[in-house]
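Chemist: Give me coordinates for this.
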Amino acid sequence: MMQNEKIQHKDDMTVTLPSDREVLITRTLHAPRKLVFEAMTEPRHLKQWLGPRVMTVTVAEADLGEGGAWRFVHRAPDGTDHVFSGVIR
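Modeler: Numbering: from 1, shown residues only. Predicted coordinates for the structure are as follows:
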C-alpha cells in the first residue's frame, strides 16, 4: 500500500442463504481494487490477515494461475500447526 492512500474502514457486508447447503457472503471493500487484489493473492499480504487472529500464519505460498497450488500453515497458540493446501484447476 502506498503511504498516501487513504482507506475507509467501513465495509458493507451481507450474508444470505441461497439454499440449505450454501452460505453466500458478499462484502464491499472501500479500498482501491489493486490493493484488494494484492491483499487476496500475494503471500506477503495473506500472512498479515488470513485466519483466526489467535493464530500466526507461518507459511503462505500461492501460485494462483491454472495448475498452480496454494499452501498455508496456521500455528495455534499451543504450537499446533494447521495445514491448508490445494491445486488450482
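Chemist: okay but residue 61 is in contact with residue 83, surely?
Modeler: No. Using C-beta atoms under 8 Å, residue 61 makes no contact with residue 83, being 11.2 Å away. C-beta here means a position set from N, CA and C on the backbone, and glycine is covered the same way.
Chemist: List the residues that are in contact with both of the two.
Modeler: Common neighbours of residue 61 and residue 83, using C-beta atoms under 8 Å, 6 or more residues apart in numbering, are 71, 72.
Chemist: Now do the same for residue 47: helix, strand or coil?
Modeler: Under DSSP: H, G, I helix; E, B strand; the rest coil, residue 47 falls in the helix class.
Chemist: Wait, it touches residue 57, no?
Modeler: Yes. Contact criterion C-beta under 8 Å: residue 47 and residue 57 qualify, at 4.4 Å.
Chemist: burial of residue 26, as a residue count?
Modeler: Per other C-beta atoms under 10 Å, the neighbour tally for residue 26 reads 9.
Chemist: residues touching it, list them.
Modeler: Shown in contact with residue 26 (C-beta under 8 Å, 6+ apart): 13, 14, 15, 16.
Chemist: With neighbour numbers in mind, choose between residue 61 and residue 83.
Modeler: Between residue 61 and residue 83, residue 61 has the larger neighbour count (other C-beta under 10 Å), namely 13 against 10.
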